[in-house]
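Colleague: Mind folding the following:
(4 chains)
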There are 2 protein chains.
Amino acid sequence: MRLSTKGRYAVTAMLDLALNGNDGPVTLADISENQGISLSYLEQLFASLRAKGLVRGVRGPGGGYYLGRAADEISVADVICAVDEWVELTRCNPRPSSADIQRAMTHSLWDDLSQQIYIFLTDISLEDLVRRGLEREDRGGKGAKVANLLGLNDQAA
Amino acid sequence: MRLSTKGRYAVTAMLDLALNGNDGPVTLADISENQGISLSYLEQLFASLRAKGLVRGVRGPGGGYYLGRAADEISVADVICAVDEWVELTRCNPRPSSADIQRAMTHSLWDDLSQQIYIFLTDISLEDLVRRGLEREDRGGKGAKVANLLGLNDQAA
DNA sequence: ATTTAACCCACTACAGCACTAGGTTATATC
DNA sequence: GATATAACCTAGTGCTGTAGTGGGTTAAAT
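Modeller: I've put the predicted structure just below:
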């Protein structure tokens, strides 16, 4: 398991789709402006996402991207794995020294942890994130929350 | 939250200390050989770990490193945060456009997730990892497990 | 026919990872 | 006290992956 800015970009872009995909497809140009990511970099990310069936592209004018499945059927782990492609080769020496054995020990313990993180992220869907975010908007609605996020409550917006 | 090979190196090195720290301090030279990490890189990592009090160095011959606290008092999050130092700057524009607002939305959702992962890793101690690993050695003891890890069960070791 | 926007490919600037190579200090041993 | 050990420190460097630029082509709507 790996967790980098690349994964974050992918997840936030997917959240963008989840939030705005209801009224037609979302263009990469929109996401690029929303998220402040370059268009071509997004194209690379979405090529990976598309290969895993996580998004569906619609060509031509009025086109863009939809989520490939329902938001509650796409886990955070799905998205991160799609763009990160870790191969994690644990090569085994034919004649292991005691150092090799130590390495295998700690490495296997790390793998356990990695597996636990993976399972954890598998259980969180895009829908979960969106709903949990919306739940905190009891008072004031979406605008107030965003304004609060931006630290705008005491100034003009 | 960030999760890279650097964090993995730090955690496996700390696990090395947890496993071998009972009979005297562990030298970085040992860890370097065990884990296949360069000595100087380990020194850099341990400088960070030392700064956070996660390890305690003993100088001179027979010296090395101990864990700074008991293994059940050191979480995986502690270790990863010590070496990764993510600053995560979320700058706010004085006059936010609708794109800024979209960005703040998805960014805050990501932060929620990041927070959840952090809490998750805070609840896992080095002791947990070691014990959980040892628990699977019911049959055959440590040697058999390691041999199995190395795929050695059918060949000479 | 033209425009839109997905889709594709090659190349490049940059940051952080991991290493190399030199030091200096503290301490145990002879 | 001389010596060896191993922590501790600093500067520099190659490498890998990130993120971007700049060109394309294809499919579909107008």
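Colleague: And A:R59, how close does it get to chain B?
Modeller: 24 Å (C-beta to the nearest C-beta, to the nearest Å). Any C-beta I mention is one placed from the backbone N, CA and C, and that applies to glycine too.
Colleague: what's the answer for A:V79, then?
Modeller: Counting by C-beta to the nearest C-beta, the gap between A:V79 and chain B amounts to 11 Å.
Colleague: That residue - that's part of a helix, no?
Modeller: Yes: with DSSP: H, G, I helix; E, B strand; the rest coil as the criterion, A:V79 is assigned to a helix.
Colleague: Check the burial of it by counting its neighbours.
Modeller: Here the count is done by other C-beta atoms under 10 Å in any protein chain shown, and A:V79 has 27 residues near it.
Colleague: Hmm, A:A10 and it touching each other?
Modeller: Yes: here A:V79 lies in contact with A:A10, judged by C-beta atoms under 8 Å, at a distance of 5.1 Å.
Colleague: Now the common contact residues for those two.
Modeller: Common contacts of A:V79 and A:A10, defined by C-beta atoms under 8 Å, 6 or more residues apart in numbering or on different chains, comprise A:L49.
Colleague: what ranges do the strands span in chain A?
Modeller: Listed in chain order, the strands found in chain A under DSSP state E are A:55-58, A:64-67.
Colleague: I'd say A:T122 and A:S75 touch.
Modeller: Yes: counting by C-beta under 8 Å, A:S75 is a contact partner of A:T122 at 4.9 Å.
Colleague: quick one, which of those two is more surrounded?
Modeller: When neighbours are counted by other C-beta under 10 Å, A:S75 comes out ahead of the other of A:T122 and A:S75, with 19 against 13.
Colleague: Without its sequence neighbours, what residue ends up closest to A:A82?
Modeller: A:K52 (4.3 Å; C-beta to C-beta, 6 or more residues apart in numbering or on different chains).
Colleague: do you know how far the nearest residue to A:S32 once chain neighbours are set aside is from chain B?
Modeller: Once its chain neighbours are removed from consideration, A:S32 has its nearest residue in A:L39; the separation is 4.6 Å (C-beta to C-beta, 6+ apart). According to C-beta to the nearest C-beta, A:L39 and chain B sit 14 Å apart.
Colleague: In chain A, which helix is the longest?
Modeller: Secondary structure assigned by DSSP state H gives helix A:98-122 as the longest helix of chain A.
Colleague: With respect to DNA strand C, which of the strands of chain A lies nearest?
Modeller: If you check each of the strands of chain A against DNA strand C by C-beta to the nearest atom of the strand, strand A:55-58 wins as the nearest, at 2.5 Å.
Colleague: residues of the closest one that come out buried?
Modeller: The neighbour-count criterion (16 or more other C-beta atoms under 10 Å in any protein chain shown) identifies A:V55 as the buried residues of strand A:55-58.
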